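Chemist: predicted model and sequence follow; I will ask about them next.
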Amino acid sequence: MRVMVIVKASPSSESGKLPSEDQLAEMGRFNEELAKAGVMRSGDGLKPSSEGIRVHFSGPDRIVTDGPFTETKELIAGYWVWEVENMQEAVAWVRKCPNPMIEDSDIEIRPFYEMSDFADSDSSGEIAEQESRLRCNVAAKDALLQPYLFFGGRCEEALEFYQSNLGAEIVMQMRWQDSPEPMPEGTLPEGYAEKIMHATFQVGQQTLFASDGCGEPAHFDGFRLSLSVPTEEDAERVFDALSKDGKVDMPLTQTFWATKYGMATDPFGVGWMVMVPGDQQLPTQ
């Protein structure tokens, strides 16, 4: 279950008095313990209400009031969001927490509502499904999407090619024989021990992942990597290098969105779009 652990405001927090170095260190150790236990999901301290704003709702009216607010006991100075088994576990963790204030203080624990609590109002489950989609979309906002290329036994050759022709920088690479955990018997073809298990490399400002995979053939269908370069000379050099021993899918030419644009497939089957962006850009939405 998820709970919000609320640190109640105090006269010192409302006056803006910051914790001492010892208090910060002690709370830091407690937060580290929470994180290692997999309990802490988030947490922050809040500035005093003098820097806050309240909006009062009354029918169609919205009344905005600047802080400070006088009801100190009703205010909060910080919070955590924890994932715990039950309220008893949350209480046990709070008992271990150092006093967050210089004076006596209070911490309140409140469980979050879960969609199962609204089952009587959502008999069809439609609202729960909508909520689940919304949570996935919110989580995806912080996600990092990176291409992962599988070269079917030619990864090292491909990396050397990109180093020579695109100035790629190899950040790290690990071979199957260096894996900290042995692969199950029969997973890898014979002779694959020296093949690339995982590599990270950079082309320009983009980080990509690469691997030889587990012996399956490489298929690069249905997508291309778009590579923007600053000058037409750069475009011609890169395009020629990528298409040599590969193929030209669309010759470099001028378009309404680029002074030079062309499509090529490199010797490893990876499709590229090479361009020198012009003043007129493709629409982003």
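Modeler: Cool, got the structure.
Chemist: domains for the protein, by residue range?
Modeler: What the record gives for the chain is the domain set 2-112, 117-143, 148-277, from automatic domain parsing.
Chemist: for the second one, which positions count as buried?
Modeler: Of the residues in domain 117-143, Asp122 count as buried by neighbour count, 16 or more other C-beta atoms under 10 Å. Quick note: C-beta positions are derived from backbone N, CA and C, even for glycine.
Chemist: over to stretch 80-99?
Modeler: Under the neighbour-count criterion of 16+ other C-beta under 10 Å, stretch 80-99 has Trp80, Trp82, Val84, Glu89, Ala90, Trp93, Cys97 buried.
Chemist: which of those residues fall within strands?
Modeler: Trp80, Trp82 (DSSP state E).
Chemist: closest to Gly222 out of the buried residues of stretch 80-99?
Modeler: Closest approach to Gly222 among the buried residues of stretch 80-99 (C-beta to C-beta): Trp82, at 42.4 Å.
Chemist: that closest one against Arg41, yeah?
Modeler: Yes: taking contact to mean C-beta atoms under 8 Å, the distance of 6.5 Å between Trp82 and Arg41 places them in contact.
Chemist: overlap in contacts of these two?
Modeler: Counting by C-beta atoms under 8 Å, 6 or more residues apart in numbering, the contacts common to Trp82 and Arg41 are Arg2.
Chemist: which ones are touching Arg62?
Modeler: Listed by C-beta under 8 Å, 6+ apart, the contact set of Arg62 reads Val55, His56.
Chemist: go on, Gly16?
Modeler: When the contact criterion is C-beta under 8 Å, 6+ apart, the partners of Gly16 are Lys47, Pro48, Ser50.
Chemist: which of the residues you listed count as buried?
Modeler: Buried members of the contacts of Gly16, counted by 16+ other C-beta under 10 Å: Pro48.
Chemist: and the contacts of Gly16 as CSV, adding secondary structure, pLDDT and distance to Tyr148?
Modeler: CSV is the format used below for these (DSSP: H, G, I helix; E, B strand; the rest coil; pLDDT from 0 to 100; distance: C-beta to C-beta, whole Å):
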residue, secondary structure, pLDDT, distance to Tyr148
Lys47, coil, 94, 42
Pro48, coil, 93, 47
Ser50, helix, 94, 50
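Chemist: nearest to Ser164, out of the contacts of Gly16: which one, please.
Modeler: Sorting those by distance to Ser164 puts Lys47 at the head of the list, at 53.7 Å, by C-beta to C-beta.
Chemist: and stretch 247-265, end to end?
Modeler: Stretch 247-265 stretches 5 Å from its first residue to its last (C-alpha to C-alpha, to the nearest Å).
Chemist: please spell out which residues along that stretch are buried.
Modeler: Result for stretch 247-265 [16+ other C-beta under 10 Å]: buried residues Leu252, Ala258, Thr259, Lys260, Tyr261, Gly262, Met263, Ala264, Thr265.
Chemist: name the nearest residue to the first one, ignoring sequence neighbours.
Modeler: Counting by C-beta to C-beta, 6 or more residues apart in numbering, Leu252 lies nearest to Gly262, which is 3.7 Å off, once chain neighbours are set aside.
Chemist: secondary structure class for that neighbour?
Modeler: Per DSSP: H, G, I helix; E, B strand; the rest coil, the secondary structure class of Gly262 is strand.
Chemist: who does it bridge with?
Modeler: The bridge-partner assignment for Gly262, based on DSSP bridges, gives Val274.
Chemist: after the least confident helix or strand in the chain by mean pLDDT comes which helix or strand?
Modeler: Among the secondary structure pieces of the chain, namely its helices and strands, helix 126-141 has the lowest mean (mean pLDDT, DSSP states H and E), a mean of 80. As assigned by DSSP states H and E, the chain's next helix or strand after helix 126-141 is strand 148-150.
Chemist: just name whatever secondary elements that following strand is in contact with.
Modeler: Packing partners of strand 148-150 (3 or more C-beta pairs under 8 Å, 6 or more residues apart in numbering; DSSP states H and E): strand 206-211.
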